[in-house]
Structures are given as C-alpha cells and as structure tokens.
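>>> Dropping a prediction and its sequence here:
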Amino acid sequence: MTPSPAILAALIAALFYALSDVCLRNALRFATPISACIATAAVEWVGFTALALAGGLFSALTLTGFLWFPWRVFRTPFFF
Amino acid sequence: MTFYLLGIQRIGVARSAPIKGSGPIFATAFAVLVMGERLTPFQYLGIGLVMAGIITISAEKPQARPAAPGKLSAWGTGSVFPLLSGVSAGIASNIFKISMTHVPSPLLGVWVGVTEGLLFYPLLAFLFPRKNRFRFEARRAWPWIAPAGLTAMVALYSVFYAVSLRQVPIVFTLVQTSSLFVILFSVLMLRRLERVLRRVIVGGLLTVGGGAWVILA
C-alpha cells in the first residue's frame, strides 16, 4: 500500500506543476522555450543550492550519485 | 521540458498538459518491452482510454487553438511535442527510481538533476534556429519565470520526496493529475490566451483516467 505521505507529496507536486505550467505559458510570450528552460532552471538551482547548503548536504554527495543523473539529462533534449 | 514548452507555445498549455499526461502508458510499455512484464486486459483498456484522450485533443480544429498562425505547419498539429514529453516522463519514471538509490536525500537528488539540466540546456539551444535560441525580454519575462521556478521547485522536491518513499508508478500517475489542474487554471486564469473547449476537458479526463487505470489495474 502506498504510504499517505507519498500520495500527499505527489498531489502537492501535481498542483505546483500546474501553477508552474501556467506561469510558463505566460512567460513564453516574452521568451523562447529554451530561454525559459534556462531561466527556470537557474531559479531552481539558486533555490536548491541555498537549501542544500543550509542543510549541509553536499558532503554526502558521491561521484556515483552525481553521474547517475546525466542519464536523466541525456534523454532530456530528445524526449522531454 | 524543452519539448513540453514547444508544445505549450504551439497548442497551448491546456492541450499540452493532458497529452503529456500519457506518460504512465509509456512507463508501462517500457516495463513490458525492457523488463518483460505482461499486461492484463484492463491495462489494455486503460491504454485505449489514453489514446482516445490524445486523439480527442489532437483532432481539434486548428482554429480553436491558441498557437500563432503558421506555427503548425512544420510539425503537423504541434501535438507531437507534448507526446514526446509524455514518452520521456514514462521512461524517466523507471530511471528515476534507480537514480534515487544513489543519492542520500531527495533534496540532493533534485539539486543534482537541476544542476545537470542547467549545464545542458545552453548546449541544447544550438539545435534550434538562431532566431529561436535566446530571445528573453527580461523585464516582462521574469515576473512569470520567477514564480514558475519557485513553484517548480516545490513540485520537484515533492516528486523526489514521494519517489524516495517507493511506489514510483503510483506516484507518477498521481503527478499526472497536474494536467487536470492545468485545465482548471487555464479556465480561471488564462481566458485571454486560451480557449478551453469541452473536448479538451474530456480529453484530459480520458488521458489521466486511462493512465491511472493502466498503473492501478
């Protein structure tokens, strides 16, 4: 059975993804899709970097962990 | 994300989001083809519902869509972009779970993903024609980009957190309900930019419902 925190987190994600999509829809009147991607990723990077620094998480990052994610990025341009 | 935004640019967010919501059937197809899983008759029915939803939205008359004139010719109806995004989301849901076993916390997983995306997107720009690369009217775009980034942060972290608790297929299916929220917000907040017809709502319900059926049946 799926734990209720996972269900709640998934529904919160759905709600906030929708809000993000609506904002991006408006932003695309003033930016190309790739520019919007870069700018949005930059905002996210600043936010997550601040949170990770505050939580002291970077010391736990391993090379293996970092390298697994290029897989995810690799398929990004072609499919996502 | 790039293809999804191309889809939004061409056919609007209310139509792109439900088509992207077909991700669960591609996750299932990936599991069948790569991992040798078998489908039940109910799951085939769910796939049929998703396909019906995509066709319902894609078969809409071009005049009803918000895309700029002339932008539909190169890639047919423009629906191919969010569909590719759905394919990606389906495959990614399987890779996501493996990735998460190699990072010690969801927050660190999100940071790695965003960092690598940020490094990669500028290179991706060179696949586009020069005039479609880096146009960015900062003063008018940032008021939308900043909240888009912040809300995407909350969403991304929630997904990673949910995935870290296991049950990836169910989590990804629930996340796809975002397309129904998108349709609702489009009706409430994007009236000037998009017309949400009844067939878009029906298509969204079929796509999300069919995806849920495939995963949960």
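Structure received.

>>> How many neighbouring residues does B:P41 have?
Around B:P41 there are 8 other residues, counting by other C-beta atoms under 10 Å in any protein chain shown. Any C-beta I mention is one placed from the backbone N, CA and C, and that applies to glycine too.

>>> swap in B:F134?
Neighbour count for B:F134, taken as other C-beta under 10 Å: 14.

>>> what about the closest residue to it other than its chain neighbours, neighbour count?
Residue nearest to B:F134 in three dimensions, not counting chain neighbours: A:S35, with 5.4 Å by C-beta to C-beta, 6 or more residues apart in numbering or on different chains. Other residues near A:S35 come to 25 when the count uses other C-beta under 10 Å.

>>> What of B:P143?
Residues near B:P143, counting by other C-beta under 10 Å: 14.

>>> can you give me phi and psi for it?
Note on B:P143: its backbone torsions stand at phi -60, psi -20 [degrees, to the nearest 10].

>>> State the pLDDT value of it.
We note a pLDDT of 93 for B:P143 in this prediction.

>>> Pull out the buried positions in whichever strand or helix holds the residue nearest to B:F134.
Secondary structure assigned from DSSP states H and E places A:S35 in helix A:33-55. Using 16 or more other C-beta atoms under 10 Å in any protein chain shown as the burial criterion, the residues of helix A:33-55 that qualify are A:33-41, A:43-45, A:47-48, A:51-52.

>>> I'd say B:I57 and B:L197 touch.
No: applying C-beta atoms under 8 Å, one finds B:I57 not in contact with B:L197, separated by 9.5 Å.

>>> wait, what's in contact with B:W142?
B:W142 makes contacts with A:A39, as judged by C-beta atoms under 8 Å, 6 or more residues apart in numbering or on different chains.

>>> for the helix holding A:S35, packing partners?
Applying 3 or more C-beta pairs under 8 Å, 6 or more residues apart in numbering or on different chains; DSSP states H and E, one finds that helix A:33-55 contacts helix A:4-27, helix B:2-11, helix B:106-124, helix B:138-164.

>>> Give me the contacts around the following helix or strand past the second one.
Going back to what we said before, that points to helix B:2-11. Note on helix B:2-11: by DSSP H and E, the next helix or strand toward the C-terminus is helix B:13-20. Helix B:13-20 has contacts (C-beta under 8 Å, 6+ apart) with A:18, A:21-22, A:24-25, B:4, B:7-8, B:53-54, B:57-58, B:60, B:65, B:79, B:81-83, B:85-86, B:89, B:176, B:178-180, B:182-183, B:186-187, B:190, B:194, B:196, B:200, B:203-204, B:207-208.

>>> pLDDT at the nearest residue to A:I7 once chain neighbours are set aside, what is it?
Distances taken as C-beta to C-beta, 6+ apart put B:L174 closest to A:I7, at 6.4 Å, once the chain neighbours are dropped. Looking at B:L174, its pLDDT stands at 76.
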